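**Student:** how would this look folded up:
(chains A and B)
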Protein chains: 2
Amino acid sequence: MDLMCPLVDPRWCHLSQQPYVVQIILVSSDMHQGRKKRPPTHLPPITKPQPYVILHVRYKFRRCFVLRFQSSFTESSQLRTMAAQISGVSSTCSAGSFRDQSPGLAFDSLSSTRSSTISFSSNLNANLSIKCLETRRHHKSSTICSAVAVENNSGQIELDTTLSPRVNSVKPSKTVAITDQATALVEAGVPVVRLAAGEPDFDTPAVIAEAGINAIREGYTRYTPNAGTLELRTAICKKLKEENGISYTPDQIVVSNGAKQSILQAILAVCSPGDEVIVPAPFWVSYPEMARLADATPVILPASISENFLLDPKLLESKLTEKSRLLILCSPSNPTGSVYPKKLLQDIAQVVAKHPRLLVISDEIYEHIIYAPAVHTSFASLPGMWERTLTVNGFSKAFAMTGWRLGYIAGPKHFIAACNKIQSQSTSGASSVSQKAAVAALGMGHAGGEAVSHMVKAFRERRDFLLSFFRELDGVKISEPQGAFYLFLDFSYYYGTEVDGFGLIKDSESLCRYLLEKGQVALVPGDAFGDDSCIRISYAASLPDLQTAADRIKEAILALKTTVSL
Amino acid sequence: MDLMCPLVDPRWCHLSQQPYVVQIILVSSDMHQGRKKRPPTHLPPITKPQPYVILHVRYKFRRCFVLRFQSSFTESSQLRTMAAQISGVSSTCSAGSFRDQSPGLAFDSLSSTRSSTISFSSNLNANLSIKCLETRRHHKSSTICSAVAVENNSGQIELDTTLSPRVNSVKPSKTVAITDQATALVEAGVPVVRLAAGEPDFDTPAVIAEAGINAIREGYTRYTPNAGTLELRTAICKKLKEENGISYTPDQIVVSNGAKQSILQAILAVCSPGDEVIVPAPFWVSYPEMARLADATPVILPASISENFLLDPKLLESKLTEKSRLLILCSPSNPTGSVYPKKLLQDIAQVVAKHPRLLVISDEIYEHIIYAPAVHTSFASLPGMWERTLTVNGFSKAFAMTGWRLGYIAGPKHFIAACNKIQSQSTSGASSVSQKAAVAALGMGHAGGEAVSHMVKAFRERRDFLLSFFRELDGVKISEPQGAFYLFLDFSYYYGTEVDGFGLIKDSESLCRYLLEKGQVALVPGDAFGDDSCIRISYAASLPDLQTAADRIKEAILALKTTVSL
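**Tutor:** Numbers count the residues shown, from 1 in each chain, chains lettered A, B, ... in the order given. Modelled structure (predicted):
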């Protein structure tokens, strides 16, 4: 079944969380062509979702019929359950998903009478939005006209529990989902090796911790300025000048509760509704979702493992439109570990420079975790790019300060002032204690000094171990990472295989679920990062843990191979 | 001049930050009534803002003509400069402002020819959005049809520096502005007494500080779960049950970087574009701006000092529409210190209960700072209100933990999960160190125990001192605050007076500027909180400082009186 359908009607019918029965009345108008069939007058217009809902549908050609769902549930099993429940359908009802991965159901309409009803019940613990679509092959105008309450099983007013469309448009994080599943297994006593998190396994260096302790002791626990303390912003300016070759003044810096907030606020500040945010894939999971939160459209530009997952400037150029507002670069990259060479960034800059609207967010959070001879280049340091670039960095990764929640953005004052304004109505300034600790972090010497280079050395050893391990494994494709602490390995060679007691490995998600359930290793499916052929392994774990994990992965993978060869 | 005009056209023409000359071509169609005058064909449609811009305007009746601006500048002096620059105008051009305080210019059109041009230049270091409006008295259809580039004074591509409309729609905080001005004076050596901040002047209690220090020492510096640690959320549930009589489970709590974030995320989660957020005035400055950030419409319901600034349930009922989605209550109130009696909350709950869509955010951040016999009632504890209420609280005010950045929201899981999802793409979990400290805060006993009641006692003494002082001052109207640490005093008796060397005191802003410049006391104009007749005095300062401030205010006010009586 093909659910790749264009949209006819942009209206979503939003249903609330309660368990409900959805009844869809099909009013055929194909015997009345040319005359528009209006909904029967006894059906009132949409007012609010109710536990029992009728969707009233007009359509011209009584043929294939598609419902598109937008929901916080994405489990295909739930969708299959719903499909199985559909009654009043003449033939089969199939579940599938659209290009954007939102779930859908397709079925034939049932009779030649002008009006009939299908229904299904939902006990999903989730909001549900639904709309009726034209199918590609089966013509026009299957449009949901109204959703009305026909039955209300209590005398009370039912509270409208719908959420904002912006919430429904944002996907829950798959990294969080797999982390939760791994946690549940660990709590159940299963010795899972967890290589899914994006967090160094080191403690915050002592000098930073002491600075935090002193801040508390000295009563440095009041509101800081919204943009961060002048002391910290001055230290950040010094760091950016000396380490990155880019000049900012303290009023061109905003310190936030983590680089994540810095990026979201920048997108909110510069993107108007309908603007395009260009995200090279594989990408950090949050970029496309943040674009959606800003009512902007993420435009994904894929890069393959054979290109070391690096954006092709020609592809970028071919995809630019007048709506292109933002390009998000991440180097060293999460999830691939790729580092953009300076020459490639220069080529990208040449493309960017020709566009009157295109700005760049340069996410440099993994800057210090880089393996020589790879060298980090700040995009803003390239000729003509300072004016267009919002440089994002933070303390979580290089300084093992994830729990302190501190990141920052630097850029032209005009844009930074807008970020500051958004922050002033969102969170105000970040933790005063963390800001004192961050000043100490920036005082540890070039690129974090000895403490950071010690961590980078450990990451490098782990990377090298995993690389040599997986190079021995048949069919695994590798792009050697030059930074960060992730391997992004292409396991698609094993898709299509099966294993007893689990079933088909059809994509990165089923492979990761298999490796978690059978191999007891928690990894993240590449699908979450926009590349379904790969899985991400975080090596922010000890070498013995990595050895255990690698052995388990190998064993599980070889079990797959055996199945294939039989 | 009256700029209180209804809107005709919702389209804003957004101009970028660069200095530019705005030329407006007036094409009169009043000699061609009935025929719609189209823009001349040689003017291309809007594509993007340019340093030089022509606004092409159609209008029916050649009369008064109003431009409305939406800009990050609000200085009336800048506006007056622009008005003075306007050329090609037949008579006077006046500057004024609209009800929402956005600036505007009004002028007569100039000639009876069908097309003519006015222009003005702007060197504002700010984005500017402009639209043309119908005036109340002068009829219809002065609509900006297109904005085009006619001239581009360099061969280079000009970077588009426009910001998202959502940024332009949000006003900068006046509390921040006056704080900045006070800081500048202090740095210049002026001994300003600062009573503008919303921050306790006490240090964080020692037991909390020690818990923070221990968290750092023990390496508790990693990412926490997005919603906050289970330990903290469990402690919050216990507190809400025991102190507030409302039952939640930990999955009905999200901990954020301050209550400000909790509130914004809740508004983003439940408000669809166009929904109405009902904000009783006087209000905390951020509520209406947060509604705007969520593309919702703030609906301000004023309450007067004679009603102790408390919302009238009948007024609420009369203003509810099908778009009403959220009511924001704040008790004890910032800025008024008013505490909602239980009976009044019950009356409000009865109105709320009848509405199928109306939810309530109950901002209880000042809960513990309350003066007997006043008693705090959690709105969610009223019958039928649990399902509709999102209870917001935090640690900043009661525990003097402003710099730790920690607040939380509690509510039905469906809504809280949505807040959690937004937070997962905005900031992730709050500081791990602060969360450990917060657990200690909740362990200090009922309502914060001895340490908090000690602070509340001090606040009460200060309140009583200020009350008796200002009761002696002619013309000042007072509603005795029952909580928080603010006095919200009606000084409108003194509006319309003048003083040598300063000029006219015409509103709360000019009064506060006068009291800052001449009296060296930093206060916040009531205008910022939606009540221009008042000013806010924060008494989170020592009694000697309050004595000094009060004397200075009195002296400055008496100088005003003298001027009047002469």
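**Student:** okay, stretch A:332-349 in CSV with CA atoms only?
**Tutor:** Output in CSV follows, covering the C-alpha atoms of stretch A:332-349 (Å, rounded to 0.1, in the frame of the first residue of the first chain):
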residue,chain,number,x,y,z
PRO,A,332,32.7,18.0,15.1
SER,A,333,29.4,16.4,14.4
ASN,A,334,26.9,14.6,16.6
PRO,A,335,26.1,11.8,15.5
THR,A,336,28.9,11.2,12.9
GLY,A,337,32.0,12.5,14.6
SER,A,338,32.9,14.1,11.2
VAL,A,339,34.9,17.3,11.2
TYR,A,340,34.4,19.8,8.4
PRO,A,341,37.8,20.6,6.8
LYS,A,342,38.5,24.3,6.4
LYS,A,343,38.5,24.1,2.6
LEU,A,344,35.0,22.6,2.6
LEU,A,345,33.7,25.3,4.9
GLN,A,346,35.2,27.9,2.6
ASP,A,347,33.3,26.3,-0.3
ILE,A,348,30.1,26.3,1.7
ALA,A,349,30.8,29.9,2.7
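**Student:** list the buried residues of that stretch.
**Tutor:** Within stretch A:332-349, the residues that count as buried by 16 or more other Cβ atoms under 10 Å in any protein chain shown are A:332-341, A:344-349. Every residue, glycine included, has its C-beta placed from N, CA and C.
**Student:** among those residues, which ones are in strands?
**Tutor:** Under the assignment DSSP state E, the buried residues of stretch A:332-349 contribute nothing to strands.
**Student:** which of these sits closest to residue B:246?
**Tutor:** Checking the buried residues of stretch A:332-349 against residue B:246 by Cβ to Cβ gives residue A:334 as the nearest, at 40.2 Å.
**Student:** distance of that closest one from residue A:163?
**Tutor:** In this view, residue A:334 and residue A:163 are 29 Å apart by Cβ to Cβ, to the nearest Å.
**Student:** now swap in residue A:424 and tell me
**Tutor:** Taking Cβ to Cβ, one finds residue A:424 at 25 Å from residue A:163.
**Student:** quick check: the residue of the stretch 451-566 of chain A nearest chain B.
**Tutor:** Closest approach between the stretch 451-566 of chain A and chain B, counting by Cβ to the nearest Cβ: residue A:540, at 10.7 Å.
**Student:** one step back: ok, so of the buried residues of stretch A:332-349, who is nearest residue A:287?
**Tutor:** Residue A:287 has its nearest neighbour among the buried residues of stretch A:332-349 in residue A:334, at 10.3 Å by Cβ to Cβ.
**Student:** run a quick neighbour tally on the closest residue to that closest one other than its chain neighbours.
**Tutor:** The shortest distance from residue A:334 to any non-neighbouring residue, by Cβ to Cβ, 6 or more residues apart in numbering or on different chains, is to residue A:284 (5.0 Å). By other Cβ atoms under 10 Å in any protein chain shown, 23 other residues sit near residue A:284.
**Student:** next, residue A:284: secondary structure please.
**Tutor:** Secondary structure assignment for residue A:284 (DSSP: H, G, I helix; E, B strand; the rest coil): coil.
**Student:** swap in residue A:226?
**Tutor:** Taking three-state DSSP as the rule, one finds residue A:226 in the coil state.
**Student:** is it true that it touches residue A:429?
**Tutor:** Yes: applying Cβ atoms under 8 Å, one finds residue A:226 in contact with residue A:429, separated by 5.1 Å.
**Student:** which ones are touching the residue nearest to residue A:334?
**Tutor:** By Cβ atoms under 8 Å, 6 or more residues apart in numbering or on different chains, the contact list for residue A:284 reads A:330, A:334-335, A:363, A:529.
**Student:** state the pLDDT value of it.
**Tutor:** Looking at residue A:284, its pLDDT is 96.
**Student:** could you do residue A:30 as well?
**Tutor:** Note for residue A:30: predicted pLDDT of 34.
**Student:** and what of residue A:394?
**Tutor:** Residue A:394 is given a pLDDT of 98.
**Student:** next, the residue nearest to residue A:337 when sequence neighbours are not counted: secondary structure please.
**Tutor:** Sequence neighbours aside, residue A:481 is the residue nearest to residue A:337 in space, at 2.3 Å (criterion: Cβ to Cβ, 6+ apart). At residue A:481 the chain is in coil, as set by three-state DSSP.
**Student:** isn't residue A:481 up against residue A:338?
**Tutor:** Yes: with contact defined as Cβ under 8 Å, residue A:481 counts as touching residue A:338 (6.5 Å).
**Student:** list of residues touching stretch A:331-340?
**Tutor:** A:198, A:282, A:284, A:308-311, A:329, A:345, A:348, A:362-367, A:369-370, A:374-377, A:463, A:479, A:481-488, A:524, A:526, A:529, A:534, A:536.
**Student:** number of nearby residues for residue A:327?
**Tutor:** That count, for residue A:327 with other Cβ under 10 Å as the rule, works out to 28.
**Student:** quick check: it vs residue B:231, distance?
**Tutor:** Remark: distance between residue A:327 and residue B:231 (Cβ to Cβ) = 41 Å.
**Student:** relative to residue A:487, how far out is residue A:494?
**Tutor:** Relative to residue A:487, residue A:494 is positioned 16 Å away (Cβ to Cβ).
**Student:** for the two, work out which one has more neighbours and name it.
**Tutor:** More crowded of residue A:494 and residue A:487, by other Cβ under 10 Å: residue A:487, with 27 against 21.
**Student:** A strand includes that one, no?
**Tutor:** Yes: counting by three-state DSSP, residue A:487 is located in a strand.
**Student:** just grab the bridge partners of it for me.
**Tutor:** residue A:537 (DSSP bridges).
**Student:** hmm, back to that, out of the buried residues of stretch A:332-349, which is nearest to residue B:273?
**Tutor:** residue A:334 (32.4 Å).
**Student:** residue A:552 touches residue A:523, doesn't it?
**Tutor:** No: counting by Cβ under 8 Å, residue A:523 is not a contact partner of residue A:552; they are 10.7 Å apart.
**Student:** which residue is the nearest non-sequential neighbour of residue A:171?
**Tutor:** residue A:289 (5.9 Å).
**Student:** oops, could you answer that again for residue A:323 instead?
**Tutor:** Residue A:323 sits nearest to residue A:276 (Cβ to Cβ, 6+ apart), 4.6 Å away.
**Student:** that neighbour contacts residue A:300, doesn't it?
**Tutor:** No: contact criterion Cβ under 8 Å: residue A:276 and residue A:300 do not qualify, at 10.6 Å.
**Student:** who's more crowded, those two?
**Tutor:** More neighbours surround residue A:276 than the other of residue A:276 and residue A:300, with 22 against 16 (other Cβ under 10 Å).
**Student:** residues in contact with the more buried one?
**Tutor:** Here residue A:276 is in contact with A:296-299, A:321, A:323-326 (criterion: Cβ under 8 Å, 6+ apart).
**Student:** okay if I get those residues as TSV plus secondary structure, neighbour count and distance to residue B:475?
**Tutor:** Formatted as TSV, the contacts of residue A:276 follow (DSSP: H, G, I helix; E, B strand; the rest coil; neighbours: other Cβ atoms under 10 Å in any protein chain shown; distance: Cβ to Cβ, whole Å):
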residue	secondary structure	neighbour count	distance to residue B:475
A:296	coil	24	53
A:297	strand	18	57
A:298	strand	21	59
A:299	strand	19	62
A:321	coil	11	62
A:323	coil	15	57
A:324	strand	21	59
A:325	strand	26	54
A:326	strand	26	54
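**Student:** redo the residues you listed as CSV? Include pLDDT.
**Tutor:** As requested, the contacts of residue A:276 are exported to CSV (pLDDT from 0 to 100):
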residue, pLDDT
A:296, 95
A:297, 96
A:298, 97
A:299, 98
A:321, 93
A:323, 92
A:324, 95
A:325, 95
A:326, 97
